[in-house]
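Peer 1: task: produce atomic coordinates for the following.
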Amino acid sequence: MTQLLAQTRLKTFDIPHKGLRNLLAQVTMLAGTTDFSNKAQVTHLHHLGRDLFQLLTEHARDENEIVLAALNQRQPGAGMHNEAEHEEIEKQQAQLEQMLETLVAKARKDGDVGYLAEQFFFEMNRFQSGYLLHMLEEEEETQRLLWKYFSDAELLEMRKQIIGRMSPATQLQWYRFSAPYMSHAGRLQWLKAVKAAAPAPFFIQILETLEMVLSGADFKRLQGDLA
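Peer 2: Take a look at the predicted model:
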């Protein structure tokens, strides 16, 4: 693990996993703290839960179709374990999505949601615990394999392929949730590369998104270092 952390090579999972950790923590917290008689709080949980499930789905798809597909070509079968985990996660996620939709619909009709709310809270905790372990395994074991079989230039090309098939709205979601979980140095390195490649109007949208989710001091520092 120490050797892995000391690596300066491109880390495939770093940015998306920070965003997913952020979202998982927020949704799990809201599952336990939401007042289901408060329509605004219910809507907030609903929207954030949908954001989480959307990004989880797209992230798994990108890993399966680009990262793991390439890994399996270089070393047949190397990505099968991750793919199998993704299938199981997808089933668990589908159950959570259904629970959330049922919970929100019932709460909006002023129904008794006590048992369902408690069940959703515990199932979100169970899901978060498993998914955190899944991400750690990818960051350690799968990353080792990617470094073994691919150059940083090839890994960067995979990242470009993933970004290239994202909608602008989805890209902004990743900035919204990943950036607050990063150090200033990490955000700056990420944004410098984006600034060099993204159309100016879209980069302005990225900065507007970051201004909403970073502290005033953090955003001002980032903006100054990007100038």
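Peer 1: how about the lengthiest helix in the chain: buried residues?
Peer 2: For the chain, the helix with the greatest residue count under DSSP state H is helix 80-108. Buried residues in helix 80-108, defined by neighbour count with 16 or more other C-beta atoms under 10 Å: 82, 85-86, 89, 93, 96-97, 99-100, 103-104, 106-107. The way it works is simple: take the backbone N, C-alpha and C, and place the C-beta from them, glycine included.
Peer 1: remind me which residues of this protein are low pLDDT?
Peer 2: Within the chain, the stretches with pLDDT under 70 are 1-7.
Peer 1: how is it divided into domains?
Peer 2: 11-167, 182-227 (automatic domain parsing).
Peer 1: switch these over to JSON lines; also include distance to residue 174.
Peer 2: Compiled in JSON lines, these are given as follows (distance: least, C-beta to C-beta, whole Å):
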{"stretch": "domain 11-167", "distance to residue 174": "5"}
{"stretch": "domain 182-227", "distance to residue 174": "10"}
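Peer 1: deepest-packed of these, please.
Peer 2: domain 11-167 (a mean of 16; mean count of other C-beta atoms under 10 Å).
Peer 1: any idea how far apart the tips of it sit?
Peer 2: Counting by C-alpha to C-alpha, to the nearest Å, you get 23 Å between the two ends of domain 11-167.
Peer 1: got a list of contacts for the helix or strand that contains residue 196?
Peer 2: Using DSSP states H and E, the element containing residue 196 is helix 184-197. By C-beta atoms under 8 Å, 6 or more residues apart in numbering, the residues outside helix 184-197 that reach it are 14-15, 179, 182, 203, 206, 210, 218, 221-222, 225-226.
Peer 1: wait, residue 95 sits on residue 123?
Peer 2: Yes - with contact defined as C-beta atoms under 8 Å, residue 95 reaches residue 123; the gap is 7.3 Å.
Peer 1: before we move on, the earlier item: out of the contacts of helix 184-197, which are inside helices?
Peer 2: Short answer: those in helices (DSSP H) are 14-15, 203, 206, 210, 218, 221-222, 225-226.
Peer 1: okay, the buried residues of helix 80-108 in JSON lines with distance to residue 35 next?
Peer 2: Shown next, in JSON lines, are the buried residues of helix 80-108 (distance: C-beta to C-beta, whole Å):
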{"residue": "82", "distance to residue 35": "38"}
{"residue": "85", "distance to residue 35": "35"}
{"residue": "86", "distance to residue 35": "34"}
{"residue": "89", "distance to residue 35": "30"}
{"residue": "93", "distance to residue 35": "25"}
{"residue": "96", "distance to residue 35": "20"}
{"residue": "97", "distance to residue 35": "22"}
{"residue": "99", "distance to residue 35": "18"}
{"residue": "100", "distance to residue 35": "16"}
{"residue": "103", "distance to residue 35": "13"}
{"residue": "104", "distance to residue 35": "13"}
{"residue": "106", "distance to residue 35": "14"}
{"residue": "107", "distance to residue 35": "10"}
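Peer 1: I am finished for the moment; much appreciated.
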